[in-house]
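J.: quick one, fold the following:
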Amino acid sequence: ANGRPGNNPVVRVRGSGSISASNTPLIVVDGLPLESTADFNLINPDDIETIDVLKDAASAAIYGSRGGNGVIMVTTKKGKQGTASVSLDYATSVQQVAKYIDMMDKDENIDYVKETANQEWIRAGGDPSVPNGSRSIPGNSNNSRFNYPSILNDPSSLPNTNWQKEIFRNAPANNVQLSVRGGGDKMLYYITGNYFGQDGIIRGSDFKRYSLRANIDVSPIRNVKVGLNFSPSYSKENIMPTDGDFNNMINNALALPPWLDPIRSDGYYGQIQGYPELMNNGFPAYFPTPIQYFRDPKYRNSAEVARLIGGTSVELSPLNGLNFHSGLNFDWKSNWTNFYKPSTISSGSYAVLTPSFPNPNPVQIQSNHSELRGINYTWDNILTYRTKIGKDQLLTLLGGYSVQKFTGESNSVNGQNGSFSNDLV
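T.: So this is what the prediction gives:
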């Protein structure tokens, strides 16, 4: 798990049996095998009645090779006989970073930079009395390591920035659910609506999910049961660049020196690329400021999912001990993502909105829009016969036929880097 709000948990039933292939178990919700375990976060946890884990050969026997990593059987809540009960539940919590990584503060870092430059100069045979900024060895191609930036001569004029606290925050999470549950001899029902919202501990990241569910069971005549379940949902996640790349917000926050202002008094961003003297002294320029992503309203990286899970079933018991069950379930899903990095956000190659590079740079612009639509359905038919043989023996005969099919389509559009003239195009 990467810790993003709304992200799926990592589940292992049989451990990690493969280096390259998937080790995730098959998840089955009310008889419907999910196409991907990434879909599990769209199931409202408050709607779950039971979770059963199949980890032995029985899982492979029922679901074939898909059950090779184990099977998690999820059953959602059903109606109960009795007077209708209405329940309103609200829960809130706050998340925070458990522990910040210990880093040098301003004074410690300045002392370290100065001492490193002084020692490099002495080891190279330089005269210790030569002042900073004048140290140079003829023919040496890297004299910058012998000198430190002149702005460090007056530490009192510099800020003491904790870059981790600039990107992390205390993040609330809220869950609201309204449900109605009840039924009689002929019908049982469970109807619920849920909202879940979670802010990420990284500023600018969040996840929101809206879901409904209706599980209805009807017994119109004796020995006949009809079931209907219906669960639409919608979710949206705003994503910040925190993983999957060396040049991300967290790495940059740990790499930037604490004596740079996040935002200067003139409104420009403080980062190494904005100070030529720092670059000339060998400070790495490929760590841009991490705060531009959540401060720039034009930056967008979102993932949205609209989904409808439903199904119907019929159960017949025409004779004593004989039972026939037929169920048709489906999972329709539409995903779309939008990404836009404007000309006003720096990268490891180009700085913008800094003292030395005050203007936006259209070369920075990146954009992408992608869509994925698909439907997954299963049709299960099971005939069971149970009878006693003698006093203490029970004979069970079972036969079944099952069909599952998934169809999908996807498309993606990319804006070619370097083809934009401004953020309006």
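J.: and stretch 251-268, what's buried?
T.: By neighbour count with 16 or more other Cβ atoms under 10 Å, stretch 251-268 contains the buried residues Asn251, Asn252, Ala253, Ala255, Leu256, Pro257, Pro258, Trp259, Leu260, Pro262, Tyr268. For glycine as for every other residue, the C-beta is placed from the backbone atoms N, C-alpha and C.
J.: what about the strands in the stretch 201-350 of the chain?
T.: Ranges of strands in the stretch 201-350 of the chain, per DSSP state E, counting those that start in this stretch, are 206-218, 224-238, 300-319, 322-341.
J.: mind checking which of those is nearest Asn381?
T.: strand 322-341 (4.9 Å; Cβ to Cβ).
J.: run me through the strand neighbours of the closest one, direction for each.
T.: strand 300-319 (antiparallel), strand 366-389 (antiparallel) (DSSP bridges).
J.: out of those strands, which is closest to Leu26?
T.: Of all these, strand 366-389 sits nearest to Leu26, with 12.5 Å by Cβ to Cβ.
J.: report the distance from the closest one to the chain centre.
T.: Centre-to-centre, strand 366-389 and its host chain are 24 Å apart (Cα atoms, centre = their mean, to the nearest Å).
J.: try stretch 24-42
T.: 17 Å.
J.: shouldn't Tyr112 be within a helix?
T.: Yes. With DSSP: H, G, I helix; E, B strand; the rest coil as the criterion, Tyr112 is located in a helix.
J.: tell me the contacts of it?
T.: Met104 (Cβ atoms under 8 Å, 6 or more residues apart in numbering).
J.: what pLDDT does it get?
T.: Looking at Tyr112, its pLDDT stands at 95.
J.: what's the answer for Gly17, then?
T.: Residue-level pLDDT assigned to Gly17 equals 68.
J.: SS state for Ile151?
T.: helix.
J.: next secondary structure element downstream of the lowest-mean-pLDDT helix or strand in the chain?
T.: The weakest-scoring helix or strand in the chain, judged by mean pLDDT, DSSP states H and E, is helix 57-63 (a mean of 67). Where DSSP states H and E defines the elements, the next helix or strand beyond helix 57-63 is strand 71-76.
J.: returning to that earlier point: format the strands of the stretch 201-350 of the chain as a markdown table; extra columns: distance to Pro355, mean pLDDT and mean neighbour count.
T.: Listed next are these as a markdown table, based on distance: least, Cβ to Cβ, whole Å; pLDDT from 0 to 100; neighbours: other Cβ atoms under 10 Å:
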| stretch | distance to Pro355 | mean pLDDT | mean neighbour count |
| --- | --- | --- | --- |
| strand 206-218 | 32 | 96 | 19 |
| strand 224-238 | 30 | 94 | 17 |
| strand 300-319 | 27 | 94 | 16 |
| strand 322-341 | 22 | 94 | 17 |
